[in-house]
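*Asks:* sequence? don't have it. structure:
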């Protein structure tokens, strides 16, 4: 079982109505992406952390480690916005390198900060949903929202095949370690290449075997999975609507005031 799945099954918010959590995550994510504002990104990130760690009981260390993955990509991606090579030093910083400067502007630095905060806030919305809702409940909520059955089936099959790929890679890794295949850098690179060559072939064979097993059990194109019934609460829905309205006001009010000046 993947780490995110283990955490979602242990979450204290697991039994909250999945449609409510889906509504909250999608609406908040949309506001973050549309606003691209620090004023909305910071409170969204903070609230999601409190809900996931404080209310959901997800360990803070695990949560921060999961955030390090997108944070690393963000830092690498925004470096091109911040750092420039120019013959003229800019106003934020400048380090001489021969006849040129490795430099950056305050506008570029601020733009990079906004992008990073907005992206992390958006990721925190997805983590809130993934770490507090099991996959079967998410699919059940999508089914109630009349999402096409074909799309739901594809999501479930891809989700299952991720496990197949992960389990196959883990088995190959254990086999290589038992034969001292990673005792140094040279053998480690060779073992990694061998695993890459064999992984998809073995995973494809296991996937075909899984599909054959489904057909032998009268698979007709529809996977029926039991999901728990957790009724929605009017108070929680009202709280979500109020929160989204406050975020919208925080985003739009300064823009409206600027237009009036």
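*Replies:* Received, thanks. Everything quoted here is computed from the prediction, not taken from an experiment.

*Asks:* Please count neighbours and contacts with C-alpha atoms only from this point.
*Replies:* OK.

*Asks:* buried stuff in the top helix by length along the chain?
*Replies:* Across the chain, the longest stretch assigned as helix under DSSP state H is helix 185-216. Using 16 or more other Cα atoms under 10 Å as the test for burial, helix 185-216 gives 188, 191-192, 195, 199, 202-203, 206-207.

*Asks:* pLDDT and distance to residue 243 added to those, as CSV?
*Replies:* Listed next are those as CSV, based on pLDDT from 0 to 100; distance: Cα to Cα, whole Å:
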residue, pLDDT, distance to residue 243
188, 81, 50
191, 83, 51
192, 82, 48
195, 82, 48
199, 78, 46
202, 78, 48
203, 75, 44
206, 77, 46
207, 76, 43
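
*Asks:* As CSV, those with distance to residue 30 would be great.
*Replies:* Shown next, in CSV, are these (distance: Cα to Cα, whole Å):
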residue, distance to residue 30
188, 43
191, 43
192, 39
195, 39
199, 37
202, 39
203, 36
206, 38
207, 35
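
*Asks:* Now do the longest helix of the chain: which elements does it pack against?
*Replies:* Under the contact criterion of 3 or more Cα pairs under 8 Å, 6 or more residues apart in numbering; DSSP states H and E, helix 185-216 touches helix 149-178.

*Asks:* quick one: average pLDDT of the helix it packs on?
*Replies:* Helix 149-178 shows a mean pLDDT of 81.

*Asks:* swap in stretch 229-244?
*Replies:* Regarding stretch 229-244, the rounded mean pLDDT is 88.

*Asks:* Likewise for stretch 42-59?
*Replies:* Mean pLDDT, stretch 42-59: 93.

*Asks:* what's the answer for stretch 15-34, then?
*Replies:* 92.

*Asks:* quick one: buried residues of it?
*Replies:* Residues of stretch 15-34 classed as buried: 15-25, 28-29, 31-33 (neighbour count, 16+ other Cα under 10 Å).

*Asks:* And stretch 70-90, by the same measure?
*Replies:* For stretch 70-90, burial by neighbour count (16+ other Cα under 10 Å) applies to 71, 74, 78, 81-86, 89-90.

*Asks:* again with stretch 136-156
*Replies:* Of all the residues in stretch 136-156, those buried under the rule 16+ other Cα under 10 Å are 136-142, 152-153, 156.

*Asks:* cool, and stretch 235-250?
*Replies:* Of all the residues in stretch 235-250, those buried under the rule 16+ other Cα under 10 Å are 237, 240, 244, 247-248.

*Asks:* Generate JSON lines for the residues you listed, with distance to residue 167 and secondary structure as supplementary columns.
*Replies:* Output for the buried residues of stretch 235-250, formatted as JSON lines (distance: Cα to Cα, whole Å; DSSP: H, G, I helix; E, B strand; the rest coil):
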{"residue": "237", "distance to residue 167": "39", "secondary structure": "helix"}
{"residue": "240", "distance to residue 167": "38", "secondary structure": "helix"}
{"residue": "244", "distance to residue 167": "40", "secondary structure": "helix"}
{"residue": "247", "distance to residue 167": "42", "secondary structure": "helix"}
{"residue": "248", "distance to residue 167": "43", "secondary structure": "helix"}
